[in-house]
Structure formats: structure tokens, C-alpha cells
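1. everything below, folded, please.
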Amino acid sequence: ARSGEAARVARMGAGEIARSLVTLDQIKSDFGRIEGRAQPGIYPGAGPRRLFELEMEALWAQEVPEILWVAASGSNQSVARHDFLESGGFHADITINEHRELALRLCEAGLSMWACAGRTYHLTHRVGWRDPLLDTGWEDIFFDLHPRPEVALLSVFWDSLNEQSALPPEARIHTLADLAAAADACRGAQGRDMIRQRHMDLAAAASRKDGHP
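-> This next block holds a predicted model:
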């Protein structure tokens, strides 16, 4: 069990525990009770849900195939066993976004990302999920392996979905197509920080050109 979870469960009342359980009997004969508690996305909250919607829209539309590895799902991602083994599998030192790094390598090897019809369910934690904008140890490894603008701008894209973000409105990246365009505009900049600064500078310049202060 995760650290602290046992104590949290102990503080829950019998009614809350009963409402939180997923039982074998529910799965077999009353799955509607589970479905009624589910919500789109991987983690609870408006931000993760919006990200899920954007990723699925991009996968269904196939309008930016060169960047669809960004939409890789950590909860339900299928790949042929041979291709997984040939790629080397998940990077052992990346514990957040390891599924996107794997998807990027698979796409570089010639595979494609596609959405599958149907519905899947992922049992997730109510609290305590690791926010990649706060727990940033993955960034150095990911960018060192793939020093490209798309990787450097991932955090800008995700931060843009937060209504309380400190990002200037003109610098926000709202879709995967916007991410692809922003990455193209930043090609030639060296280093993660320089890429992000180039993006901010270009966004500010475009805003001034449009007459915004």
C-alpha cells in the first residue's frame, strides 16, 4: 500500500468505505454502479479531463500524426509484444511520462498512434497523484534523450490547461496542433530553457503585432 493510505482509510467511515469499494460482485453483476462513479480521463479533476479530451480528439482526427505520441495513455496503451521488446520497453529512470517517452520511440521506429473504439476503466487514486508540473524529475531525462521542441514545450501545454496558470494568455498552447506549430516555430533554439524562452518571445511579439499591450 502507498505510504499514508492505510491511515486515511482508517479515518473513513463505514458508509464512505462502502461507496468507495469496487467489488468482484459489482464487476460480475452490477457494473452500472461502477460506471456511474466513473468520469472521463485518467485522474479526477477538470485539467486531466480536458487533457484527455484533447488527446482523444487528436487521435481520432489524426491531424498531427507527427506529434500523436504526446497523446499516449498511461492507463491503456497497447503495442505488439515484438515492438515493445525491440524498443527496449519503458525507460527505467523515468517514472512520470514514461509512456509518452516509449510512444515517442515507437513512433520514431515507424509505428503510428491510433484511438480504439470502446471504453476502458482505470482504477485510480482519489488523492496523491504525481503532477508532472511539480514533480519534474522526468524532464531532464526525457529532454536529454529527445532534445526536440515538442518535449521542451510539454509542460507549457499542460500548464495552459490550468485556468489559474501564470502563463500569459498569448503563450498558452491549447491543442496538440498548437503544440506542433509552437515546436516548429522554436526549431533551431538550443536547450530546453532556450526553447521555452523562444516560445514566450514569439508569443509576446505576435501579441504586440495584433495590437495587444
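2. CA atoms for contacts and neighbours, from now on please.
-> Fine.
3. hey, where'd the helices end up in the protein?
-> Using DSSP state H, the helices found in the chain span residues 5-11, 14-20, 24-29, 31-37, 46-61, 81-87, 98-108, 137-145, 149-152, 154-160, 176-185, 192-209.
4. what about residue 157, how many residues nearby?
-> 21 (other CA atoms under 10 Å).
5. for residue 173, the count of nearby residues, please.
-> With other CA under 10 Å as criterion, residue 173 counts 23.
6. my read is that it contacts residue 160, right?
-> Yes - judged on CA atoms under 8 Å, residue 173 makes contact with residue 160 at a distance of 5.8 Å.
7. for the protein, where's the lowest mean pLDDT among helices and strands?
-> Lowest on mean pLDDT, DSSP states H and E among the helices and strands of the chain sits helix 5-11, with a mean of 77.
8. kindly export it (C-alpha atoms) in PDB.
-> What follows is helix 5-11, C-alpha atoms only, in PDB (Å, rounded to 0.1, in the frame of the first residue of the first chain):
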ATOM      1  CA  GLU A   5      -3.100   5.400   2.600                       C
ATOM      2  CA  ALA A   6      -3.800   2.900   5.400                       C
ATOM      3  CA  ALA A   7      -4.200   5.800   7.900                       C
ATOM      4  CA  ARG A   8      -6.500   7.700   5.500                       C
ATOM      5  CA  VAL A   9      -8.700   4.600   5.000                       C
ATOM      6  CA  ALA A  10      -8.900   4.100   8.800                       C
ATOM      7  CA  ARG A  11     -10.300   7.600   9.100                       C
END
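9. that one: how far from the chain's middle?
-> 29 Å (CA atoms, centre = their mean, to the nearest Å).
10. what comes up buried for that helix?
-> For helix 5-11, the buried set under the neighbour-count rule, 16 or more other CA atoms under 10 Å, is empty.
11. what does stretch 138-149 give?
-> Those would be 138, 139, 142, 143, 148, 149, for stretch 138-149 by 16+ other CA under 10 Å.
12. swap in stretch 87-101?
-> For stretch 87-101, by 16+ other CA under 10 Å, it's 87, 89, 90, 94, 96, 97, 98, 99, 100, 101.
13. quick one: least confident of those?
-> Ranked by pLDDT, the buried residues of stretch 87-101 bottom out at residue 96, which scores 90.
14. gap between that one and residue 48?
-> 15 Å (CA to CA, to the nearest Å).
15. end-to-end on stretch 140-159?
-> Stretch 140-159: ends 18 Å apart by CA to CA.
16. revised request: answer the last question for stretch 149-160.
-> First-to-last residue span, stretch 149-160, CA to CA: 16 Å.
17. i'd like the first residue to be 38 from this point on
-> I'll keep to 38 as the first residue from here, and by that count the last item is stretch 186-197.
18. now that stretch, how far from the centre of its chain.
-> 10 Å.
19. what mean pLDDT does it get?
-> On average, stretch 186-197 scores 96.
20. likewise stretch 145-164?
-> 82.
21. how about stretch 212-228?
-> Mean predicted lDDT for stretch 212-228 stands at 96.
22. contacts for that stretch?
-> Residues from elsewhere that reach stretch 212-228 (CA atoms under 8 Å, 6 or more residues apart in numbering): 91-92, 95, 100-101, 104-105, 107, 184-187, 190, 194, 210, 232, 235-236.
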